[in-house]
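> What follows is a predicted protein model with its sequence.
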Amino acid sequence: MGKVDEFISIFEYWRKRLRLPKIPITQDNRYEGHLISIFENSKPVGICYNSKKLAEWNYALIMCGIFHELAHIKVSNFPYDTNEDKIKEEYRAERYALDMINKYYPFMLKTIVKHTKSKLNSSIWRRRYPIHYHAFTQIKEYMI
């Protein structure tokens with residue numbers, strides 16, 4: 001099973017377990033990130049993934065990404081009027097992801113924290129993803 005197939009089956013497992021509605025999952029390699037939740041009128045309408053980027057992630061990062069996107073779907077506070085609102089939403093999604101990892105897959109936490117700390121130390125990543133950078137620096141596990 002490839003990473004995309006793993007991602008889809010794990011996403012579907014947790015979507016059902018969390019009793020969230022069916023959400024279409026599509027591939028779009030034009031998107032520069034790994035995963036993104038797509039919303040219209042404050043309602044989740046899909047998940048989009050970049051298969052090339054997803055192939056770079058190990059199992060622990062895929063799990064964290066899944067929980068992060070499920071958090072956006074489960075508890076999104078639209079609309080985001082300011083960057084401050086976006087930062088709060090990214091913080092909430094990543095915090096949820098880490099709490100779920102810690103509860104169900106605690107052996108993965110160290111790998112995720114190590115990976116994210118290395119990204120937070122990268123000036124390129126900071127410039128490219130300022131919203132995520134500001135949100136993630138508020139998470140105690142990622143404190144540098």
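Now that the structure is in, tell me what you want to look at. In this text the structure is predicted, and so the values were computed from the model without any measurement.
> which one is Val75 nearest to, not counting chain neighbours?
Of all residues not flanking Val75 in the chain, Arg92 sits nearest, at 6.6 Å (Cβ to Cβ, 6 or more residues apart in numbering). Bear in mind the C-beta positions are built from the backbone N, C-alpha and C, glycine included.
> wait, that neighbour sits on His68?
No. Arg92 is beyond contact range of His68, at 9.9 Å (criterion: Cβ atoms under 8 Å).
> Okay, helices next: where are they in this structure?
For the chain, the helices defined by DSSP state H occupy 3-17, 51-54, 59-74, 83-104, 109-120, 123-128, 130-136.
> Compare the ones you listed and report which one is nearest to Leu35.
Of all the helices of the chain, helix 59-74 sits nearest to Leu35, with 4.9 Å by Cβ to Cβ.
> List the contacts of the closest one.
The contact list for helix 59-74, computed with Cβ atoms under 8 Å, 6 or more residues apart in numbering, reads 3, 6-7, 10-11, 14-15, 18, 20, 23, 34-37, 44, 47, 54, 57, 89, 92-94, 96-98, 100-101, 105, 108, 111-112, 115.
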